[in-house]
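1. the following block contains a protein sequence and its predicted model.
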Amino acid sequence: MMNRLLSPIHRIATRPTNSGGIRWSSYVGDVRCWSNMSKSYHCGRGAARRSLSAATASTQPQQQPPQERLLILGSGVAGCATALTAARHGIRCTVLHAGSSRDDCNSYWAQGGIIYRNYRLRDAGNAGSAAASSQKEEKLVDTPLSLVNDIKIASGYLGPLQRTDEIEEGWYGDNLVLNGGVDNSSRGGDSSSMKGGRQCPTTNIHWNEDAAWKLACEGPSRVRELLLGKKDGGLNEEKEGYGGGDGVNAGCVVPFDRVMHADGGSGSGEEGGGEKMDVLSLCLEASHAAPRIIHHADCTGKVITTHITQAAANHPLIEFVGDSVVTDLIFDENSSSSISNDAALVIGAQVLNKQTNRLTNYYATHGVVLASGGLAGIYQHSTNPLGFNALGSSVGLALRLEDSLSGGNNKSSKGGIVSDLEYVQFHPTSLFLPNEARFLLTEALRGEGAILRDLEGRAFARDYHANGELAPRDIVARAVFCETQKNAGDVSGEHNAYLDITHRDSDWLKERFPSIDAHLMSRNSPMDFTKEWIPVIPAAHYTCGGVTTDLNGRVVGGGNSNSNGWYRNLYAAGEAARTGLHGGNRLASTSLLEGLVFGSSVGEVVAGVGIEENQENAVESMHQARDAIERRLAMEQSRGGRVDDGGMYGDASSREATAILTHLKSLMWDNVGVVRTPAKLALAVSELAAIRDQADRLWEDCSCGGTAASWEVVALRDAAYAGLAVAESALANPVSGGAHYVALDEEEGFETDGGLEDGVIADSDDEEEAFDIGLAAARG
């Protein structure tokens, strides 16, 4: 009964290989997981394989000098997935995080869930046929193609899919890639762009269909590999603690919500007449064609982060270093590549310890991974927590690297190391209470039937889109924003947008959304969301663009000729990266899965797993990095081995940086927010350029004056570089699309050229069909 319910994909076979590794497979394809004890990595043949193996797996961690490692900036899902995957292949990893706790990351605050796959939902047209049932010909409704189509619809890319044939789960290799990994065409004919995917002529949005296929094809396997136990077809043992550390199955078992599902049912509930089984609960979220989201109440990010960081901490090849703020990347521009025409070699990072206020150079022969999250925290109203999180550190580091390599003349990023930064997603429903920080009210509330109402009780979402509350996030966010503006000029100033889910059972709601209930009830004036409407407003939430990478997480745009190569030994994953997956707008619950899939890919590329080119590049870069680091260490030794004397920083500079950052956040919200105008964007660019120069002067004054800069100065510097890049990207793109909405200067209403039909934004046929399938599945 269990096998029949879970389907063949969950029947996983493992067997040893000749070299001591482990291989597991299912009918959807192969994923190779090699033991740390393996002397080779089955990733090719010849000297490249032997050299990489000799430099990693054959050396015990305690015997390696500290620089023989991969340096990962960020302890969230993307960073931990990178570390666990690289460590499985024998690469030692150091994970730096700005907070004192390794759980202090953006991933921790994700509420809704993570995309998996609904193996129970069958095509209704075939399910009722006895002949079809006996021949096991029922078609799955939730397929990789279905998810790719949902991602495309949400992205704002209006063109057709390049691939309309189904692909089964498995590794998305080069033989499947549609666009060669990158697209050299960009707006204005700038041939320096290395953005993957295709550009929509209507919305200007670049969307990478290959990135969506990679997520859809590899996602379920990565979830089983890193987050699920054997009960659900995963690779991890359910035991006390959080797993990790055995070198092969180094993931964890996350306690996702479960339901008693009736065999013979087709959705996420208990319908059907067969025997009931304990299975993963799958819920529906906005713009998904099927209930495919696994979750833990309304704090999925918290429980995943807690488990995966502990699994990584348990691994003997992974160490975490807290209170570590990266100020700049370290590169060696004299190490040229004999294999490709790539840019200077990244060999480490300069790090400020927040407790000692001392600067230290962290070197890494295997390179640096940017995985510190996005930049939505540079807005006055954001769903991201206060502190160093989400201030655009990865974008700031990348821009300063590009600027340094160009001789200080490239502060506007003409080389393409960052891209699509105008697409900052605003979550439609954050809690609106004056003088209080915004609190995220998950998309899952609307997935479970919550209704958006104005002050008079009118449901307004369908005035803006036929799919109402389940429309793409960018449209719902602008709808809520526009409703809040209707009373903005009134004397009463009453709020005009509320979320209503009072029609659902109170006990069930409190069990399903305990974090939201606890937050609302903990206020001095408690609110009961099961009995009253909750005031909402959009807030900056997610960065759809970021540091430009290929499908393997290698940072692109840094070649020595026409920027057509990679920044060697530099990688990015998660929200920090721009793979083209999201286009102009992110589909709900893709962020955690993106971190797993692309973080794991980075870990494999660093280890030289896969195609022969990966092996050769990894070996050459590692040897050149080792030589460059040894030269740097010798120079530092001659100077006494210190980068900075540390000590107390200037209180005045810290206060000044904090004040400027507060002003920057207001400037971003007022001028580069939900609805933008050319005049406001031009004003923002001018003021942000001045703020960036102020931040640079503060940093330089501290460095030259013998006083270490405070972390507040570092935070301002990152936010200033990131904020200016967002504003410049938005000003350079006059076409509204996805999360980037540009209104005429004289009006800020919610209108688009040809985008409205009787007040309702027109649907494409595939969007209507996908929505209908998902809605029917959710309602049984």
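-> The structure has been received and is ready for your questions.

2. in the stretch 201-350 of the chain, which spans are strands?
-> Under the criterion DSSP state E, counting those that start in this stretch, the stretch 201-350 of the chain contains strands at 206-207, 258-262, 276-280, 293-294, 318-321, 324-332, 345-353.

3. same check, this time on the stretch 651-780 of the chain
-> For the stretch 651-780 of the chain, the strands defined by DSSP E, counting those that start in this stretch cover 756-757, 760-761.

4. average pLDDT for the last one?
-> Computed over strand 760-761, the mean pLDDT rounds to 36.

5. ok, now the first one?
-> This predicted structure assigns strand 756-757 an average pLDDT of 32.

6. equivalent analysis for stretch 729-746, please.
-> Averaging pLDDT along stretch 729-746 yields 91.

7. before we move on, what about stretch 684-699?
-> Taken as a whole, stretch 684-699 has a mean pLDDT of 97.

8. which residues does that stretch contact?
-> 327, 411, 653, 656-657, 660, 663-664, 667-668, 671-672, 709, 713-714, 716-717, 719-721, 723-724, 727-728, 731 (Cβ atoms under 8 Å, 6 or more residues apart in numbering). Where you see a C-beta, it was placed from the backbone N, CA and C, and this is true even at glycine.

9. returning to what we had before: between the strands of the stretch 201-350 of the chain, which one is nearest to F460?
-> Set against F460 and scored by Cβ to Cβ, those come closest in strand 293-294, at 25.6 Å.

10. what packs against the closest one?
-> strand 114-115 (3 or more Cβ pairs under 8 Å, 6 or more residues apart in numbering; DSSP states H and E).

11. adding mean pLDDT, write the strands of the stretch 201-350 of the chain out as JSON lines.
-> Converted to JSON lines, these look like this (pLDDT from 0 to 100):
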{"stretch": "strand 206-207", "mean pLDDT": "96"}
{"stretch": "strand 258-262", "mean pLDDT": "86"}
{"stretch": "strand 276-280", "mean pLDDT": "90"}
{"stretch": "strand 293-294", "mean pLDDT": "96"}
{"stretch": "strand 318-321", "mean pLDDT": "98"}
{"stretch": "strand 324-332", "mean pLDDT": "96"}
{"stretch": "strand 345-353", "mean pLDDT": "96"}
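
12. give me whichever of these is most buried.
-> With neighbours taken as mean count of other Cβ atoms under 10 Å, those reach their highest mean count in strand 206-207, at a mean of 28.

13. return the list of strands paired to that one, each annotated with direction.
-> Strand 206-207 has its sheet partners listed here by DSSP bridges as strand 198-199 (antiparallel).

14. so where do the helices sit in the stretch 451-600 of the chain?
-> 473-485, 506-512, 514-521, 591-606 (DSSP state H, counting those that start in this stretch).

15. highest mean neighbour count out of the ones you listed?
-> Most buried of the helices of the stretch 451-600 of the chain, by mean neighbour count (mean count of other Cβ under 10 Å): helix 591-606, with a mean of 28.

16. select, out of the strands of the stretch 201-350 of the chain, the one closest to S382.
-> Of those, nearest to S382 by Cβ to Cβ is strand 324-332, at 19.3 Å.

17. show me what counts as buried in stretch 681-692.
-> 681, 683-685, 687-689, 691-692 (16 or more other Cβ atoms under 10 Å).

18. ok, back up a step: of all the helices of the stretch 451-600 of the chain, which lies closest to E209?
-> Of the helices of the stretch 451-600 of the chain, the one closest to E209 (Cβ to Cβ) turns out to be helix 591-606, at 15.0 Å.

19. do you know which of the helices of the stretch 451-600 of the chain lies nearest W533?
-> Short answer: helix 514-521, nearest of those by Cβ to Cβ, at 11.9 Å.

20. now do the contacts for T662.
-> Contacts of T662 (Cβ under 8 Å, 6+ apart): none.

21. any idea how far R258 is from it?
-> Counting by Cβ to Cβ, to the nearest Å, the gap from T662 to R258 is 45 Å.

22. same thing with G392?
-> G392 is 38 Å from R258, by Cβ to Cβ.

23. same check, this time on G449
-> For G449, the distance to R258 equals 21 Å [Cβ to Cβ].

24. cool, D328 as well?
-> Distance, D328 to R258, by Cβ to Cβ: 46 Å.

25. cool, K665 as well?
-> Taken as Cβ to Cβ, the span from K665 to R258 is 41 Å.

26. how many residues are close by L84?
-> When neighbours are counted by other Cβ atoms under 10 Å, L84 registers 27.

27. same question for A652.
-> 9.

28. picking up where we left off before, looking at the strands of the stretch 201-350 of the chain, which is nearest to A588?
-> Across the strands of the stretch 201-350 of the chain, closest to A588 is strand 293-294 (Cβ to Cβ), at 7.8 Å.

29. off-centre distance for that closest one?
-> When distances are taken as Cα atoms, centre = their mean, to the nearest Å, strand 293-294 is centred 17 Å away from the chain's centroid.

30. what does it rub up against?
-> Residues contacting strand 293-294 (Cβ under 8 Å, 6+ apart): 112-116, 223, 256-257, 280-285, 300, 444, 447, 588-589.

31. any idea how far the closest residue to S703 other than its chain neighbours is from D210?
-> Nearest residue to S703 in three dimensions, chain neighbours excluded: A709, at 6.7 Å (Cβ to Cβ, 6 or more residues apart in numbering). Distance, A709 to D210, using Cβ to Cβ: 41 Å.

32. can you check D651 too?
-> 50 Å.

33. more crowded one of these two?
-> D210 (26 against 9).

34. quick one: pLDDT of that one?
-> Looking at D210, the pLDDT reads 97.

35. thinking it is in contact with V177, fair?
-> Yes. Look at D210 against V177 with Cβ atoms under 8 Å: they come within range, at 5.3 Å.

36. anything in contact with each of these two?
-> Shared contacts of D210 and V177 (Cβ under 8 Å, 6+ apart): L551.

37. for the closest residue to E238 other than its chain neighbours, give the beta-bridge partners.
-> Nearest non-adjacent residue to E238, counting by Cβ to Cβ, 6+ apart: G229, 4.3 Å away. Here G229 sits in beta bridges with N236, going by DSSP bridges.

38. from T658, how far out is L386?
-> 11 Å.

39. do R632 as well
-> 33 Å.

40. for R163, which of the strands of the stretch 201-350 of the chain is the nearest?
-> It's strand 206-207; of the strands of the stretch 201-350 of the chain, that one is closest to R163 (Cβ to Cβ) at 13.3 Å.

41. how long is stretch 446-461 end to end?
-> 11 Å (Cα to Cα, to the nearest Å).

42. go through that stretch and flag the buried ones.
-> 446-448, 450-455, 460-461.
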